[in-house]
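Mind folding the following:
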Amino acid sequence: MNVNALMNQLLRYIARRGLRDAIKLIPSESTRLEEPHRPVQLDEEHLQLHLFGANFDSQAAADTFCSGPPGTDLPSPLTQELSGAFIDEAEVEVIHGDIQTRLLEFLSTEEADDVMLRLAGDDTLIVITENAFGGFPYTLDDTRHLTYLGHIIVRV
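The predicted model follows:
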């Protein structure tokens, strides 16, 4: 995505939504969850998702990053980088390439645009469900390969 396209997208977002959510777009504002906390318990119709942006050469490279080495009990690079959290890799979805199409399957156009703006040109979205933490306390933050984009709550 080139800079002009990103700026046009940003201006459309601001025109549509105003500045109330613009803090999400400021890179200097940390999205770190400071204190470990237990996973959020929502009703049966809702689920909290944690979003990470990244850049990988292919879907296979992104999948390899999020999965443990086959035939071993070793943790995945994702689990190693997110050292403040236990992560059940079965609760992780990796979307590489056409991210917007996948987001529109469970988000409104406005919400999908929000996520795309937070990605800021990254080509991979990693979605970790609240269930992935197995009820254990966790902390999340940016890592060497990942940018923590915050969380969203969706209907299931």
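
Which stretches in this protein count as helices?
With DSSP state H, the ranges of helices along the chain come out as 3-17, 59-66, 77-81, 99-103, 109-119.

Present those as JSON lines; the columns should include mean pLDDT.
Below are the helices of the chain laid out as JSON lines (pLDDT from 0 to 100):
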{"stretch": "helix 3-17", "mean pLDDT": "65"}
{"stretch": "helix 59-66", "mean pLDDT": "95"}
{"stretch": "helix 77-81", "mean pLDDT": "94"}
{"stretch": "helix 99-103", "mean pLDDT": "94"}
{"stretch": "helix 109-119", "mean pLDDT": "91"}
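
closest to residue 136 out of those?
Residue 136 lies closest, by Cβ to Cβ, to one member of the helices of the chain: helix 77-81, at 12.5 Å. C-beta coordinates here come from the backbone N, C-alpha and C atoms, glycine included.

Quick one: neighbours of residue 50, just the number.
Residue neighbour count, defined by other Cβ atoms under 10 Å, stands at 25 for residue 50.

Bridge partners for it, pull those for me.
The partner list for residue 50 in beta bridges (DSSP bridges) reads residue 128, residue 151.

Done for today, thanks.
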